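1. Next come a sequence and a model predicted from it.
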Amino acid sequence: MEIALRVATAVGGGYALAAGTAAALSLALPAVQDRAEAVLTATMAALLPCVLTVVMVFAAASALRALAWTAGLTAAVWAAVSLLNSMTGTGV
């Protein structure tokens, strides 16, 4: 059961964190890049949190601790997306 929870956390949480990171960077980077380049850069950069989530989930002391950390980080990233979305007035 512990392994199944870790795998589900790594896959689902990693995807949610990567999607949030891509969305946040897509909203923040057009200030310094073209919009198309910003989206491409954000998409490529979002792979790093996904990989780091998988590593962190299997390095954590317990599956519940890994789930809590992943959920907290994902919630923080999506809160940043919401804030950036309201500041820029664009939709994601």
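-> Looks like it arrived, so ask away. Numbering: from 1, shown residues only.

2. any idea where the helices of the protein begin and end?
-> Secondary structure of the chain (DSSP state H): helices at 2-8, 14-28, 35-45, 47-59, 63-88.

3. could you dump those to JSON lines with mean pLDDT and mean neighbour count?
-> (Each C-beta comes from the backbone N, C-alpha and C, glycine too.) Formatted as JSON lines, these follow (pLDDT from 0 to 100; neighbours: other Cβ atoms under 10 Å):
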{"stretch": "helix 2-8", "mean pLDDT": "95", "mean neighbour count": "13"}
{"stretch": "helix 14-28", "mean pLDDT": "95", "mean neighbour count": "21"}
{"stretch": "helix 35-45", "mean pLDDT": "93", "mean neighbour count": "14"}
{"stretch": "helix 47-59", "mean pLDDT": "95", "mean neighbour count": "16"}
{"stretch": "helix 63-88", "mean pLDDT": "94", "mean neighbour count": "16"}
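
4. ok, now which ones touch the residue positioned nearest the centre of the chain?
-> Central residue of the chain (Cα atoms, centre = their mean): residue 17, 2.0 Å from the mean position. Going by Cβ atoms under 8 Å, 6 or more residues apart in numbering, residue 17 touches 49-50, 53, 70, 73-74, 77.

5. rerun that using 6 Å as the cut-off
-> Contact analysis of residue 17 by Cβ atoms under 6 Å, 6 or more residues apart in numbering lists 49, 53, 74.

6. Can you tell me the closest non-neighbouring residue to residue 77?
-> Spatial nearest neighbour of residue 77, chain neighbours left out: residue 20 (3.6 Å); criterion: Cβ to Cβ, 6 or more residues apart in numbering.

7. so how far is residue 35 from that neighbour?
-> 19 Å (Cβ to Cβ, to the nearest Å).
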